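Output the structure for:
(one chain, ligands or ions: 1)
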Amino acid sequence: MRSATFGFDFVARLVTNLSLFISNTVCCKDQKTHDTTDPAYILELRRNFLEYLKNKLDHDSNEAQTISVTQSPGCQVSITKYEFLEYVFWPAIRDLTSAIKCNGMQRNMFRLYDIDNIFLSGFSVEAKKETSDFLERIVIKTLSEALSIPRSRICLSDASGKEALLGAAYYGNYPETFTERVSRRSYAIQVCGYKRQKFEIDIEKNISEMKLKGGKNVKNDIYNEEAANAYSDLDKPVKLYYQSSYNSSSKDSNSLRNPEDVTRLISRGDKITEHNQMHGIVKRFYAEEECIVYASKSISHIILY
Ligand SMILES: [Zn+2]
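Residues are numbered from 1 along each chain as shown. Modelled structure (predicted):
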């Protein structure tokens, strides 16, 4: 068994395509205000899109349906099932299959071995059962064409989202089953930041009293009080930038990190020193204003048998 890991945010790809579709149609009079580089806009669109996928997209219906673009009244786009497939779903599927193919080629997974089965895991968008079955069938069909492998050899997993975890556990229990782990540590991270909600009045009072009182541990005490009472304001996203080691504080589109962007912690081929093993790897992000940052480890997984 050979397994490879690489990052691919399928939903982000769908949202990008939808955003492009919206730019080419009319959603409302204020369309010029829809700044596709604004994380808040993309985040809102993503939320509305997932809502549409989950509750509205009906693959039995040929009538146009609406997706809200932003909260502003009247800001919505009308899309038919065919437009959705043509402009949003298909391009994302093509990107996904070519990413799988490209990663497999780079790692010599297809050339050196005859593949018995491909297990697709982690492919899940929350949608009505008929819709998600239909979307999955398209994925399998496209993948089988791209890789020239019969459809029957591509299997879906029903562990929904726990595949990487189960795979790691399986590797721990039966390491001899794996002939090779192609990329052992290609982990990535996603970050998003939000403004902090105002502290309650009594918390503010506590903090000012601590400042007045001073003392040896005052910094720690204030920090603890703030940390215990800080809540993020999800309606106020804050721009986060990645600080690369060679380009310390540029604010261009390369360093900007939208919530769906994946920042690689370790790529295939990176040397992992003993120091790294002991202390981990540090990546720096910065914001221009005070904010609360959430980070999530992101892994996409394909396993080839
Ligand atoms: Zn609009």
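
Start and end of stretch 54-72, how far apart?
21 Å (CA to CA, to the nearest Å).

How about that stretch, which residues are buried there?
Buried residues in stretch 54-72, defined by neighbour count with 16 or more other CB atoms under 10 Å: 57, 59, 65, 67-70. Where you see a C-beta, it was placed from the backbone N, CA and C, and this is true even at glycine.

residues in contact with T33?
With contact set as CB atoms under 8 Å, 6 or more residues apart in numbering, T33 has no partners.

Correction: the previous question concerned E290.
195-196.

any idea how far it is from S208?
E290 is 17 Å from S208, where distance means CB to CB, to the nearest Å.

where's the dip in pLDDT among the buried residues of stretch 54-72?
Across the buried residues of stretch 54-72, the smallest pLDDT goes to H59, namely 71.

looking at it, that one is touching K129, isn't it?
No. The pair H59 and K129 does not pass the contact test of CB atoms under 8 Å, sitting 10.1 Å apart.

Now T97: closest residue in space that isn't a chain neighbour?
A146 (4.2 Å; CB to CB, 6 or more residues apart in numbering).

element containing the one you found, please.
helix 129-147 (DSSP states H and E).

For the stretch 1-150 of the chain, list the residues in contact with the ion, please.
Contact residues (CB under 5 Å from the ion) of the stretch 1-150 of the chain with the ion: 27-28, 31, 69, 75.

before we move on, back to that, identify each buried residue in the helix holding A146, please.
131-132, 134-136, 139-140, 142-144, 147.

got JSON lines for those, with pLDDT too?
What follows is these, written out as JSON lines (pLDDT from 0 to 100):
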{"residue": "T131", "pLDDT": "79"}
{"residue": "S132", "pLDDT": "79"}
{"residue": "F134", "pLDDT": "81"}
{"residue": "L135", "pLDDT": "80"}
{"residue": "E136", "pLDDT": "82"}
{"residue": "V139", "pLDDT": "84"}
{"residue": "I140", "pLDDT": "87"}
{"residue": "T142", "pLDDT": "87"}
{"residue": "L143", "pLDDT": "85"}
{"residue": "S144", "pLDDT": "88"}
{"residue": "L147", "pLDDT": "82"}
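
of those residues, closest to D95?
T142 (10.5 Å; CB to CB).

was I right about the closest one contacting T97?
Yes. Counting by CB under 8 Å, T142 does reach T97; the two are 5.0 Å apart.

CA-only coordinates of the biggest strand by length in the chain in CSV, if you can.
Secondary structure of the chain read by DSSP state E shows that its longest strand is strand 188-196. Extracted in CSV, the C-alpha atoms of strand 188-196 (Å, rounded to 0.1, in the frame of the first residue of the first chain):
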residue,chain,number,x,y,z
ALA,A,188,-0.5,22.4,6.1
ILE,A,189,-2.3,25.0,8.2
GLN,A,190,-5.2,27.4,7.6
VAL,A,191,-5.6,30.5,9.7
CYS,A,192,-8.3,33.2,10.1
GLY,A,193,-8.5,36.2,12.4
TYR,A,194,-11.3,38.2,13.9
LYS,A,195,-11.6,41.4,15.9
ARG,A,196,-12.1,40.9,19.6
